[in-house]
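Enquirer: Next comes the sequence, and after it the predicted model I'd like to discuss.
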Amino acid sequence: LRNFRKARNGEHGDINYANATELIGGKHLKQLLYQTDATTPNSTPAYTLADLMPQKMIDTGYRAFISSPTDLTAFTNAKEIISVDFTKNNQARAVAFATRTSDSVYNHTKHIC
């Protein structure tokens, strides 16, 4: 159903990195993703998945883009999901993917990966 909706809305297929948020200019992933925390208004959580995520590659020819599939929290046991695509010549060459769950490891029953 998820893939059907994406295909129907023209969102299925290659990622258009021109529309994605790029990690550049000293902006940290944590600053971009956590504007506020629901438990403490107007603050950033002390420790987040963003603290664990790589934000650049050793090779300087790569660009990093936030590519988090935020809809997965609606039908998996993930409470938080972050992914970053590392591209070269506008082609994804590496991806960092992290999830935060409670009480069990990340699990899904859909063919989404």
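Expert: That came through, no problem. Numbering: from 1, shown residues only.
Enquirer: all strands of this protein, in order?
Expert: Applying DSSP state E to the chain gives strands spanning 63-66, 78-88, 91-101.
Enquirer: okay if I get those strands as TSV plus mean pLDDT, mean neighbour count and distance to residue 24?
Expert: (Glycine included, C-beta is placed from N, CA and C.) Formatted as TSV, the strands of the chain follow (pLDDT from 0 to 100; neighbours: other CB atoms under 10 Å; distance: least, CB to CB, whole Å):
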stretch	mean pLDDT	mean neighbour count	distance to residue 24
strand 63-66	89	19	8
strand 78-88	89	19	12
strand 91-101	89	14	16
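Enquirer: Out of these, flag the one nearest residue 57.
Expert: Ranking these by proximity to residue 57 (CB to CB) places strand 78-88 first, at 5.3 Å.
Enquirer: With just CA atoms, put that closest one into CSV.
Expert: Only the C-alpha atoms of strand 78-88 are listed here, as CSV (Å, rounded to 0.1, in the frame of the first residue of the first chain):
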residue,chain,number,x,y,z
ALA,A,78,10.4,2.4,15.2
LYS,A,79,9.8,5.5,17.4
GLU,A,80,12.4,7.5,15.3
ILE,A,81,14.1,7.0,12.0
ILE,A,82,17.0,8.9,10.4
SER,A,83,18.8,8.2,7.2
VAL,A,84,21.4,10.1,5.3
ASP,A,85,22.3,9.4,1.6
PHE,A,86,25.9,10.1,0.6
THR,A,87,26.0,11.0,-3.1
LYS,A,88,28.7,11.4,-5.8
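Enquirer: Tell me which other helices or strands it touches.
Expert: In terms of contacts (3 or more CB pairs under 8 Å, 6 or more residues apart in numbering; DSSP states H and E), strand 78-88 is packed against helix 29-33, strand 63-66, strand 91-101.
Enquirer: Compare the strands of the chain and report which one is nearest to residue 14.
Expert: strand 91-101 (8.9 Å).
Enquirer: what residues does the closest one touch?
Expert: 15, 49, 52-54, 57, 62, 67, 76-87, 106 (CB atoms under 8 Å, 6 or more residues apart in numbering).
Enquirer: that older thread, which one of the helices and strands packed on strand 78-88 lies nearest to residue 72?
Expert: strand 91-101 (8.1 Å).
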